[in-house]
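>>> Structure for the following, please:
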Amino acid sequence: MRGFLASSIGVTCAAALALPLTPPAVAATARPAPGAEAATSAALSAGPSARRESTAGSTQSLPLVPLTRDRAVDGPAAQGLSRRTVRPFSLVGVVWDDPAAELHGRVQIRTREVATGVWSDWQDVETHNADHAADPDTEEGADGRLRGATAPLWVGASNGVELRVVPEGAEPVPEGTGTAPQGTQPAPTGADPAPDKTPADGTATPADGTPAATDGTPAAAPAAAAPLPTGLRLELVDPGEAAPQDDTLGAARPGALQPETADAVAGSTVNADVAALSAAEIPALGRAETERELLTLRGSELTAAQKAKPYIGPRPRIVTRRGWGANERWRESRFVYTSKVKAAFVHHTATGSKYTCAQAPSVIRGIYRYHVVSMGWRDIGYNFLVDKCGNIYEGRAGGVAKAVLGAHTRGFNTNSMGIAVLGSYGSTKPSKSALKAVARLTAWKLGLYGANPRGKTYLTSGGGNLYRKGKNVRLNVISGHRDGFSTECPGLQLYRKLGSARSTAARYQGR
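Numbers count the residues shown, from 1 in each chain. Just a heads-up that it's a prediction; the model follows:
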C-alpha cells in the first residue's frame, strides 16, 4: 500500500509559529505500547490488575480466568470474571495477544450502573472486529504491539462488572458460575440468563446447544468447541473528561504547569487551512464560500472545467479533535497520508445505541483510547465519526481536508476514507439526522477530490477475505464496509440507507 508520511511544508511552517525548536512531529513516535503504562492497583477490590492511566481517563485491564463448573467437561473452558466492584468506567471490550487470532465464541457482559446501583441484563459484545484494521503487510498492520480485540461496547457510567466468554460449540455457562474474588461475595444475579436461540426453521435448541431431532433420528453430536485466543483480558475504559480548552495554542492552560504539548499543537495546525488554530469546531460554509475554498486548497490540481463548474457540497460543521477532547499524547506524533480520496466506506461502531448526543464526545474518547491503548493502533481508526443527532467529528489526526490514511476497512484503506456512525445498526434504524450528516460530509470531502457520490471507482485490494491482495476492485464511491470485507458492518439497517445517502450527497454537490 502506498502511503507517505506527513512532511508538509505548510504544516511545518505553521507549527513553527507556535512551538519552540523541536524535532519535527513526523519523525517522532509517541504512541504508548499496550501495557507500557501498566501498574498494579491494590485499590481495586477485584484483585491485582494492570491499570493504564492518563490525565483524562483510564483503562483497567483485567485478565480473564476459567469459569468453574459443577462437573468436568472436555474441550476448552469458558473464561470470564465473576461479579466485582471496580473503578468507574463507561466502555468495555475484550483483547487478546495475537491480532491474527479470531475469537470464535460468545462474549457477554453485564454491568452495574453508578447512578442507581442496578445491574444490567447480559449484553452481547461484537466479537468480529478484525475487519476494522490497517491493511495487511503495512507498517501499522504489522506492528508488534497490536492485539486482537472485540468491538468496544458503550455501557455508560458503571462501577461493577461480570463477564463470560464461551467458546463456540461449548456448553453455556450456568447462571452464577464463577469464583468470587478474594474477600468478596457474588451479588445476587439480578438478570436472567440469555434465552436460548430458536433457529429460523422453528427447531428448538436445548440448553446444552444440541439441536433436538424432529424426525425420530438421533441428533448429531455437537462440533468440538473452538479454543479461545490466549491472553484474554477485559478492558474497562473510563473516557475521562475533555481537557479544558485554552484560546492560545502553545501556552499553558489555566492550572497547568506545562505549555500545550507539541502533539496538540500539531493536531490543530494541520487544520489551519480551514479553521483557526485553537478551534474546537470547523464552521459550516455556504456553497460560494466552499467553492472559493476548493480553489484555494486544490486549485492547481483542478481542470478548467472543474474550476468553471465545481461539484462540491457546502462544507459541513465539524467538531475537531480538540473539540471532543482528544488527548494527543496517546497517538503517534506523525501523520500518514494516502494519495487521494476516491471512495468513502460507511461503518457503524457496534458500540450500541444507548448513548445521548451529549455523551457522544465521551464515546469517541473511549473508542480512541481503546484503539490506541488497548489495541495498539497509532490513532483512532476512523477518519470521521457521526452521532445520532447529526454532529460530525474529526477522527484520525492529519487534517479534515487532507487524504489521511485510516484503519477502518481492512484491505481498502488506501485512497479512501472511513465514516463511522456511532451505534449498532443491525436491527436499529439510523436517524435521519445521521444519514443527512453522512451525505453532507461525503458531498464535501469527496467533492474536494472530484468524486461523484453516485458513481463507481476502482480501488486496489491490500488483502482481505473478499478480495486477494493486488486485485483491482470496482466499488461504489460511497460503499458500506461489507462491500470491501465480509462483515456485518455497517449493520443491515444502515447499509440499506446508503442508496439514499448517495443520491442526497450528489444533490448537495449540484449534480
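
>>> Now do the contacts for Ser120.
Residues in contact with Ser120 (CB atoms under 8 Å, 6 or more residues apart in numbering) are 110-113, 155, 191. C-betas here are computed from N, CA, C, even on glycine.

>>> tell me the phi and psi of it?
Backbone torsions for Ser120, taken as degrees, to the nearest 10, come to phi -80, psi 170.

>>> now do Glu171
According to degrees, to the nearest 10, Glu171 has phi -70, psi 150.

>>> Please give me every residue in contact with the residue nearest to Gly447 when sequence neighbours are not counted.
Closest residue to Gly447 apart from its sequence neighbours, by CB to CB, 6 or more residues apart in numbering: Ile312 at 2.9 Å. Going by CB under 8 Å, 6+ apart, Ile312 touches 290-291, 294, 443-444, 447-448, 509-510.

>>> so is Ile312 in a helix, a strand, or just coil?
Three-state call for Ile312 (DSSP: H, G, I helix; E, B strand; the rest coil): coil.

>>> re earlier: just give me the closest of the contacts of Ser120 to Pro430.
Among the contacts of Ser120, Val155 lies closest to Pro430 (CB to CB), at 20.8 Å.

>>> which residues touch the closest one?
The neighbours of Val155, taking CB under 8 Å, 6+ apart as the test, are 89-92, 109, 111, 120, 123, 352, 354.

>>> how does it look with 10 Å?
Val155 sits next to 89-92, 109-113, 120, 123, 125, 161, 236-237, 351-352, 354-355, 366 when contact means CB atoms under 10 Å, 6 or more residues apart in numbering.

>>> Of the residues you listed, grab the buried ones for ChimeraX.
ChimeraX command restricting the contacts of Val155 to the buried ones, with burial defined by 16 or more other CB atoms under 10 Å:
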select :89,90,91,92,109,110,111,112,120,123,125,161,236,237,351,352,355,366
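
>>> picking up where we left off before, would CSV of the contacts of Ser120 with secondary structure, distance to Ala242 and pLDDT be doable?
As requested, those are exported to CSV (DSSP: H, G, I helix; E, B strand; the rest coil; distance: CB to CB, whole Å; pLDDT from 0 to 100):
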residue, secondary structure, distance to Ala242, pLDDT
Arg110, strand, 28, 98
Thr111, strand, 23, 98
Arg112, strand, 25, 98
Glu113, strand, 22, 97
Val155, strand, 20, 97
Ala191, coil, 33, 34
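
>>> Of all pairs in the residues you listed, which one is the farthest apart?
Val155 and Ala191 (13.6 Å).

>>> re earlier: could you list which of the contacts of Val155 belong to helices?
In helices, defined here by DSSP state H, the members of these are Gly366.

>>> In strands, which of the contacts of Val155 appear?
Among the contacts of Val155, the members found in strands (DSSP state E) are 89-92, 109-113, 123, 125, 161, 236-237.

>>> For Leu81, state which of these is nearest.
Nearest to Leu81 among those is Val161, at 6.7 Å by CB to CB.

>>> How about the contacts made by the closest one?
By CB under 10 Å, 6+ apart, Val161 lies in contact with 46, 60, 62, 81-86, 89, 92, 109-112, 119-120, 155, 234, 236.

>>> ok, Ala280 touching Thr320?
Yes. The criterion here is CB atoms under 10 Å, and Ala280 meets it with Thr320 at 6.0 Å.

>>> list the residues that contact both of the two?
Residues within reach of Ala280 and of Thr320 at once, by CB under 10 Å, 6+ apart, are Ser268.

>>> burial measure for Arg164, as a count.
By the measure other CB atoms under 10 Å, the count of residues near Arg164 is 25.

>>> what about stretch 452-465, how long is it end to end?
Length of stretch 452-465, first residue to last, CA to CA, to the nearest Å: 27 Å.

>>> what mean pLDDT does it have?
Stretch 452-465 shows a mean pLDDT of 94.

>>> Check which residues of it are buried.
Using 16+ other CB under 10 Å as the test for burial, stretch 452-465 gives 452-454, 457, 459-464.

>>> can you redo the residues you listed as TSV with secondary structure and distance to Gly499?
Output for those, formatted as TSV (DSSP: H, G, I helix; E, B strand; the rest coil; distance: CB to CB, whole Å):
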residue	secondary structure	distance to Gly499
Asn452	coil	14
Pro453	coil	11
Arg454	coil	9
Thr457	strand	17
Leu459	strand	20
Thr460	strand	25
Ser461	coil	24
Gly462	coil	27
Gly463	coil	28
Gly464	coil	24
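
>>> nearest to Thr409, of the residues you listed?
Nearest to Thr409 out of the buried residues of stretch 452-465 is Gly464 (CB to CB; 8.4 Å).

>>> what's the residue nearest to Gly447 sitting at in phi/psi?
Main-chain dihedrals, Ile312, degrees, to the nearest 10: phi -150, psi 140.

>>> Have a look at Ala280 and Thr320 and say which one is more surrounded.
Using other CB under 10 Å as the criterion, Ala280 and Thr320 rank with Thr320 on top: 21 against 16.

>>> for the more buried one, what are its contacts?
Neighbour list for Thr320: 267-268, 271, 274-275, 278-282, 326, 393-394, 397, 400 [criterion: CB under 10 Å, 6+ apart].

>>> same thing but 8 Å
Counted by CB under 8 Å, 6+ apart, Thr320 has contacts 268, 271, 275, 279-282, 394, 400.

>>> Could you check how far it is from Gly423?
Per CB to CB, to the nearest Å, Thr320 is found 22 Å from Gly423.

>>> just Ala288 next, same as before
From Ala288 to Gly423 the distance is 35 Å (CB to CB).

>>> before we move on, what about Pro88?
As judged by CB to CB, Pro88 and Gly423 stand 23 Å apart.

>>> more neighbours, the two?
A side-by-side neighbour count of Pro88 and Gly423, using other CB under 10 Å, places Gly423 first with 26 against 13.

>>> so who does that one touch?
Applying CB under 8 Å, 6+ apart to Gly423 gives the contacts 348-349, 351-353, 355, 388, 430.

>>> next one: Ala401
Residues near Ala401 by CB under 8 Å, 6+ apart: 271, 273-274, 297, 445, 448.

>>> how about a cut-off of 10 Å?
270-271, 273-275, 282, 293-294, 297-298, 315, 318, 341, 444-445, 448.

>>> Arg110 too?
Neighbouring residues of Arg110 by CB under 10 Å, 6+ apart: 83, 119-123, 155, 158, 160-164, 189-191.

>>> now do 7 Å
When contacts are counted by CB atoms under 7 Å, 6 or more residues apart in numbering, Arg110 touches 119-123, 162, 191.

>>> would TSV of those residues with distance to Gly418 be doable?
Shown next, in TSV, are the contacts of Arg110 (distance: CB to CB, whole Å):
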residue	distance to Gly418
Trp119	35
Ser120	30
Asp121	31
Trp122	30
Gln123	25
Glu162	33
Ala191	35
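
>>> Go ahead and build a ChimeraX selection from the buried members of the residues you listed.
The ChimeraX selection below is limited to those of the contacts of Arg110 classed as buried (16+ other CB under 10 Å):
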select :119,120,122,123,162
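
>>> Can you tell me how far Ala501 is from Thr428?
Separation of Ala501 from Thr428 (CB to CB) stands at 17 Å.

>>> What ranges in this structure fall below the confidence cut-off?
1-56, 68-75, 174-224, 243-260 (pLDDT under 70).

>>> tell me, what residue is most central in it?
The structure's the chain has its C-alpha centroid closest to Ile367; by CA atoms, centre = their mean the separation is 5.1 Å.

>>> quick one on the thing from earlier: with the contacts of Arg110 in mind, which one is nearest to Leu103?
Within those, distances to Leu103 taken as CB to CB reach their minimum at Gln123, with 16.2 Å.

>>> Specify the beta-bridge partners of the residue nearest to the closest one when sequence neighbours are not counted.
Once flanking residues are discounted, Gln123 sits nearest to Ile109: 5.7 Å by CB to CB, 6+ apart. Residues in a beta bridge with Ile109, per DSSP bridges, are Gln123, Leu163.
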